[in-house]
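Chemist: heads up, no residue letters with this:
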Ligand code: AMP
Ligand code: ZN
């Protein structure tokens, strides 16, 4: 047995732009807050990359033995159509255009979002924090910083970014006027100042509005996350996550509010920001432009399923790239990930049928492989490398099937690919456009097999053509034993 000490978990902190060892604020615990969706529309698969990343981080922390407390928020109010405090509330706008109440819009898209997470095997957080349930706390938070850090305009209460040290350090932004954002709100002192509370304009009513010392209105989006993080995790907590776009505006603003609330100074001490580490996943890029929610049909998980791709193929596609790299989406890339998943599932199925003895206690080769896997994930969640160690275990034919399965099970706690329960038939998803049934395909293939056995090749070819015409690709001698698939 090798008795090497567990490698420290090194994570990239966007605030310091460096790799740092994870050292929990509360020994043995890991408290993580992930910015969640604004539930005014479906989430696209790029958004889902952010949650696969947060889930992988959470699974890794749990694998390393920390008691995880993960929070994801649901923004059901306050996020404007523009990041510069102009434009409409996304929720109210969606409600008006769909002729529904903002509450119904929120309920519908929250349920859709949770279903997508479920399909991707993203584990539920310890708590979903819903913004509208925290408004009284948001008002208290705003009251406590209003005198020293905010000023009031006709349109609302604004945070003065010059009142805190190091504003914008997370973004490495230049905040002088003339650089950065365009000032869109009349009367703002600095272009980067942002709304803490937005007043409902005189003579109007919003579906979602509350009374406050600054008049009837709604909280600013950045305020929501500061308040929910503090309420559920205490400050400072360990890790705050989000997509890389949040590194530029949303998170610097959260940080400024946190500094103000806690009376903290320089960000040379990362904890003054409210969290010890800020982590960001890079973007999923789609050059086809199908990820813009404003263009009719856009890339969401349902579309992948409709085309016959299992959602976990998308999870695997995400894991094949490092979370800090851009990942380019293509149907070919997704197809390759699906093939890899099929191969993994096929080998696991073979191991399951071969495994007679229950797994025994870890032995040398097992500890070594799992150790190498742990080294990879401890190196800033290097999932592409971790997957290679999974492949390695699956290819080690000389070892006992039960033992190999036990290692795969351990690795899958981090990867979340459901490798021990997924079956080959689960992966055979019927594209929505398909007209032929599986039973018909199997029956035609059987007739073709009989024709070939009788050396009636004309009949066999005709049957094959019949299948091709129905969108079925016949794969004679497929190494995965797949035989056929419906073309996507
Ligand atoms: P939103 O609903 O716009 O607040 O976005 C939800 C999450 O998805 C946030 O963490 C975003 O930073 C993240 N995100 C948005 N677009 C992408 C993308 N193309 N790739 C990866 N993450 C994204
Ligand atoms: Zn947030």
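Modeler: Sure thing, it's come through. Here the structure is a predicted model, which means the values were calculated and not measured. Residues are numbered from 1 along each chain as shown. Ligands and ions are numbered 1, 2, ... in the order given.

Chemist: C-alpha from now on. contacts and neighbour counts both.
Modeler: Will do.

Chemist: now residue 202: how far from residue 154?
Modeler: Distance, residue 202 to residue 154, using CA to CA, to the nearest Å: 10 Å.

Chemist: before we move on, what about residue 34?
Modeler: From residue 34 across to residue 154, the span is 32 Å (CA to CA).

Chemist: So between the two, which is more surrounded?
Modeler: Ranked by neighbour count (other CA atoms under 10 Å), residue 34 and residue 154 place residue 34 first, with 24 against 14.

Chemist: Identify the bridge partners of the more buried one.
Modeler: Residue 34 has these beta-bridge partners by DSSP bridges: residue 72, residue 241.

Chemist: pLDDT-wise, which helix or strand of the chain ranks last?
Modeler: Least confident element among the helices and strands of the chain, by mean pLDDT, DSSP states H and E: strand 483-486 (a mean of 76).

Chemist: Pull the residues that contact that strand.
Modeler: By CA atoms under 8 Å, 6 or more residues apart in numbering, the surrounding residues in contact with strand 483-486 are 308, 428, 430, 431, 434, 471, 472, 473, 474, 475, 476, 477.

Chemist: switch to 7 Å and redo it
Modeler: When contacts are defined by CA atoms under 7 Å, 6 or more residues apart in numbering, strand 483-486 is touched by residues 471, 472, 473, 474, 475, 476.

Chemist: Confirm that the fourth one sits in a strand.
Modeler: Yes: Residue 474 sits within a strand when classified using DSSP: H, G, I helix; E, B strand; the rest coil.

Chemist: Leaving out the residues flanking it, which one is nearest to it?
Modeler: residue 484 (4.5 Å; CA to CA, 6 or more residues apart in numbering).

Chemist: just the second one next, same as before
Modeler: Setting aside the residues directly before and after it, residue 472 is nearest to residue 486 in space (CA to CA, 6+ apart), at 4.5 Å.

Chemist: roughly how far apart are the residue of the stretch 151-300 of the chain found nearest ligand 2 and residue 94?
Modeler: Evaluated by CA to the ion, the stretch 151-300 of the chain has residue 225 as its residue closest to ligand 2, separated by 4.6 Å. Between residue 225 and residue 94 the distance is 22 Å, computed by CA to CA.

Chemist: For residue 338, give me its contacts.
Modeler: residue 313.

Chemist: Which helix or which strand is home to it?
Modeler: helix 331-354 (DSSP states H and E).

Chemist: Which positions in the helix or strand following that helix come out as buried?
Modeler: Heading C-terminal from helix 331-354, the first helix or strand you meet, by DSSP H and E, is helix 364-378. Going by neighbour count (16 or more other CA atoms under 10 Å), the buried part of helix 364-378 is 366-378.

Chemist: So which elements touch helix 364-378?
Modeler: Here helix 364-378 touches helix 383-395, going by 3 or more CA pairs under 7 Å, 6 or more residues apart in numbering; DSSP states H and E.

Chemist: following the helix it packs on, which helix or strand comes up?
Modeler: Next along from helix 383-395, by DSSP H and E: helix 401-415.

Chemist: Any buried residues in that next one, and which?
Modeler: Neighbour-count burial for helix 401-415 flags 401-409, 411-415 (criterion: 16+ other CA under 10 Å).

Chemist: ok, now stretch 261-275?
Modeler: Applying 16+ other CA under 10 Å to stretch 261-275 flags 261, 264, 267, 270, 271, 272, 273, 274, 275 as buried.

Chemist: Now for the fourth one: which residues touch it?
Modeler: With contact taken as CA under 7 Å, 6+ apart, residue 270 is in contact with residue 276.

Chemist: Wasn't residue 195 part of a helix?
Modeler: No: counting by three-state DSSP, one finds residue 195 to be strand, located in no helix.

Chemist: Return the per-residue confidence for the most centrally placed residue in the chain.
Modeler: Residue closest to the average C-alpha location in the chain (CA atoms, centre = their mean): residue 51, at 1.5 Å. Looking at residue 51, its pLDDT is 98.

Chemist: May I have the secondary structure class of it?
Modeler: Judged by three-state DSSP, the three-state class of residue 51 is helix.

Chemist: With ligand 2 as the reference, measure out to it.
Modeler: Noted for residue 51: a distance of 13 Å to ligand 2, by CA to the ion, to the nearest Å.

Chemist: Quick check: nearest residue in space to that residue, chain neighbours excluded?
Modeler: Nearest to residue 51 is residue 122, by CA to CA, 6+ apart, at 7.2 Å.

Chemist: Give me the neighbour count for the one you found.
Modeler: Neighbour count of residue 122, defined by other CA under 10 Å: 23.

Chemist: Do I have it right that it meets residue 50?
Modeler: No: with contacts counted by CA atoms under 7 Å, residue 122 stays clear of residue 50, the gap being 10.8 Å.

Chemist: burial count for the residue nearest to residue 472?
Modeler: As a burial measure, residue 486 scores 24 neighbours (other CA under 10 Å).

Chemist: Can you tell me how far it is from residue 308?
Modeler: Distance, residue 486 to residue 308, by CA to CA: 8 Å.

Chemist: Over to residue 319?
Modeler: Counting by CA to CA, the gap from residue 319 to residue 308 is 20 Å.

Chemist: swap in residue 204?
Modeler: Taken as CA to CA, the span from residue 204 to residue 308 is 47 Å.

Chemist: out of those two, which sits in the busier spot?
Modeler: Taking other CA under 10 Å, residue 204 and residue 308 do not tie; residue 308 has more neighbours (23 against 6).

Chemist: in what helix or strand does the more buried one lie?
Modeler: Following DSSP H and E, there is no helix or strand that holds residue 308.

Chemist: next one: residue 152
Modeler: Assigned by DSSP H and E, residue 152 belongs to strand 150-153.

Chemist: Buried ones in stretch 5-22, by neighbour count?
Modeler: 7, 9, 10, 11, 12, 13, 14, 15, 16, 21, 22.

Chemist: So is that stretch next to ligand 1?
Modeler: No: using CA under 6 Å from any ligand atom, we find that stretch 5-22 stays clear of ligand 1, coming within 13.7 Å at best.

Chemist: what's the first-to-last distance across that stretch?
Modeler: Using CA to CA, first and last residues of stretch 5-22 are 16 Å apart.

Chemist: do the same with stretch 304-317
Modeler: Termini of stretch 304-317 sit 12 Å apart (CA to CA).

Chemist: any idea of the mean pLDDT for it?
Modeler: On average, stretch 304-317 scores 96.

Chemist: Also stretch 395-403?
Modeler: Averaged across stretch 395-403, pLDDT comes to 86.

Chemist: Contact partners for whichever residue of the chain sits closest to ligand 2?
Modeler: In the chain, the residue that lies nearest ligand 2 is residue 35 (4.0 Å; CA to the ion). Residues near residue 35 by CA under 7 Å, 6+ apart: 72, 73, 241, 242.

Chemist: What helix or strand is the residue nearest to residue 309 when sequence neighbours are not counted located in?
Modeler: Among residues not flanking residue 309 along the chain, residue 429 sits closest, at 6.4 Å (CA to CA, 6+ apart). Under the criterion DSSP H and E, no helix or strand holds residue 429.
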